[in-house]
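This is a predicted model, with the sequence first.
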Amino acid sequence: MYRAPRGTTDILPDEQVYWSFIRQKAYEISVLYGYRRVDTPAFEDAGLFVRSIGEDTDIVEKETYTFDDRSGDKLTLRPEGTASICRAYIEHGMHTLPQPVRLYYDAAIFRYERPQAGRYRQHHQYGVEALGEGDPALDAEVIDMAWQFYANLGLKGLSPILNSIGCSVCRPTYLNSLMEYYTKHRNAVCSDCRRRLERNPLRLLDCKKPSCVPLTEQAPRSTDHLCPDCSDHFSRLSSYLRLLNLPFVTNHRLVRGLDYYTKTVFEIAPEREESAQATVGAGGRYDDLIEQLGGRPTPGIGFATGIERLILNMKKQKIIVPQSAEPFVFVAHISQQAKDEAMKLASLLRRSGISVIPSLGDRSLKAQLKQANSMGANKAVIIGEDEAKSGTVVLRDMAKGEQNIVPRDVVVETLRKTYHRFVLVENRITCAIMKVG
Ligand code: HAM
């Protein structure tokens, strides 16, 4: 028996209401803040992620799905979205567009992690990136957007946590003092942290091991080592956030697991939840990344949120999502001749924008209506031998159990009076129909 690979899940039809609700809200907030959709390939040149996320990060060291394709190219399934967006920005010369370029995406992400609740090997992120502007007002916009997005989903009790980890000017001095501090306490930290100390000392600050947590309290703080530019950026961002009434807290231990960040980093998590997989969304500024990838110096900031984690939190908070109203008409038949007419009618109804499920096989009318009922049909159109001959149909209201005879050439109009077409957003026109009466 084959099963879905470990750490992946099938998103079954009953779950899809959450997905479409979240995607609808993501689309709405993106439009509201002026962001436009971009889709990039699910895999990229492996070097792109090594270069951007950093060689000494957990993601690159342990979590990427990397493979050689049949022509020997080394490729990686995207373990996050930012690097691909920056690559696309450079590749398509987006620096010629009015800056900042505001983009959003909704994509499957692949990380070889230890699966547990809220942590999967394939998850999905809705993310935004604003490229080409260094103003802290843009950082505030992105954090505000994340905050509004969660509010629009109905999520409560979230808290944005903020920090600044400086830039290439001030970070080296900070890293030195961090190394000095941790070298003194080398024997007290876990073996992972001892290993990280030489190569990526920032990571020691977010180690969750009981041996390491107390040491992080006394560790030097990045905000005490910021250069004037980073310090000014951080204080302006803080005052913009206060201006927008965003209830953020600063936490000097917040460093994030990707190396491309400069200045602002932030995470949004349910209050009082400490586990790493509680975080619903996170982001930050990456002012050197586009240049590191071969573009001109271009600042950027963004955030991403895991859709599965949103759903977990929405369920925990018992948020009711609107069930998608997808009424449909069941077309039943009695006899072979009637079945031909039923097929023609089903096709006509569908072409007229009315959702139809026709009965298949040759069961009794009772069995067909039982099926229509258990599927939740709103109406049934029944064609028997008499109706086939006389050009009529029986139109049955499934809830009330009432039925009447209608000429076949007016059934479409009759049904269209109770249902009307409804156009869904996002480039696709879906003929979902909504009941109005
Ligand atoms: P990240 O913190 O690695 O950041 O991931 C963003 C969000 O994706 C997390 O807050 C979490 O909700 C979700 N997530 C991450 N890993 C998993 C997993 N294994 N299973 C389920 N959900 C997960 C980034 O990826 C950055 N690219 C964010 C960003 C955008 N920074 C700037 N722009």
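Alright, I've got the coordinates.

and residue 283, which of the three is it?
strand (DSSP: H, G, I helix; E, B strand; the rest coil).

Let me see the contact set for the closest residue to it other than its chain neighbours.
Of all residues not flanking residue 283 in the chain, residue 303 sits nearest, at 2.7 Å (Cβ to Cβ, 6 or more residues apart in numbering). (Each C-beta comes from the backbone N, C-alpha and C, glycine too.) By Cβ atoms under 8 Å, 6 or more residues apart in numbering, the contact set of residue 303 is 127-128, 142-143, 145-146, 266, 281-284.

where does this protein dip in pLDDT?
Applying pLDDT under 70 to the chain flags residues 274-276, 324-325, 419-437.

Residue 87 should be in a strand, yeah?
No: going by three-state DSSP, the assignment for residue 87 is helix, not a strand.

Which helix or strand contains the nearest residue to it once chain neighbours are set aside?
Excluding its sequence neighbours, the residue lying closest to residue 87 (Cβ to Cβ, 6+ apart) is residue 48, at 5.7 Å. Per DSSP states H and E: residue 48 is located in helix 46-53.

Packing partners of that helix?
When contacts are defined as 3 or more Cβ pairs under 8 Å, 6 or more residues apart in numbering; DSSP states H and E, helix 46-53 sits against strand 74-77, helix 82-91, helix 289-292.

Run through the residues that contact the residue nearest to residue 211 when sequence neighbours are not counted.
Of all residues not flanking residue 211 in the chain, residue 190 sits nearest, at 5.3 Å (Cβ to Cβ, 6+ apart). The contact partners of residue 190, by Cβ under 8 Å, 6+ apart, come to 207, 209, 211-212.

same check, this time on residue 137
By Cβ under 8 Å, 6+ apart, residue 137 lies in contact with 236, 240.

Tell me the spacing between it and residue 149.
Going from residue 137 to residue 149 by Cβ to Cβ, to the nearest Å gives 18 Å.

cool, and residue 25?
As judged by Cβ to Cβ, residue 25 and residue 149 stand 7 Å apart.

Between these two, point out the one with more neighbours.
Using other Cβ atoms under 10 Å, the more surrounded residue of residue 25 and residue 149 is residue 149, with 26 against 20.

how about the residue nearest to residue 250 when sequence neighbours are not counted, what does it touch?
Leaving aside its sequence neighbours, residue 250 sits nearest to residue 162 (Cβ to Cβ, 6+ apart; 5.1 Å). The contact partners of residue 162, taken as Cβ under 8 Å, 6+ apart, are 143, 237-238, 241, 248-251, 254, 264-266.

try 6 Å this time
Neighbour list for residue 162: 248, 250, 266 [criterion: Cβ atoms under 6 Å, 6 or more residues apart in numbering].

List the ones among these that fall in strands.
Judged by DSSP state E, the subset of the contacts of residue 162 located in strands is 250, 266.

out of the contacts of residue 162, who has the most neighbours?
Across the contacts of residue 162, neighbour numbers were computed from other Cβ under 10 Å; residue 266 holds the maximum, 28 neighbours.

Show me what that one is bridged to.
Taking DSSP bridges as the rule, residue 266 bridges to residue 162, residue 283.

That one and residue 48, how far apart?
Counting by Cβ to Cβ, the gap from residue 266 to residue 48 is 24 Å.

Need the contacts of residue 303 in CSV (columns: distance to the ligand).
As requested, the contacts of residue 303 are exported to CSV (distance: Cβ to the nearest ligand atom, whole Å):
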residue, distance to the ligand
127, 5
128, 7
142, 8
143, 11
145, 12
146, 10
266, 9
281, 5
282, 4
283, 4
284, 5
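
Now, of the residues you listed, which are buried?
127-128, 142-143, 145-146, 266, 281-284 (16 or more other Cβ atoms under 10 Å).

Can you lay out the residues you listed as TSV showing distance to residue 412?
Formatted as TSV, the buried ones among the contacts of residue 303 follow (distance: Cβ to Cβ, whole Å):
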residue	distance to residue 412
127	44
128	44
142	49
143	51
145	44
146	46
266	54
281	47
282	51
283	50
284	55
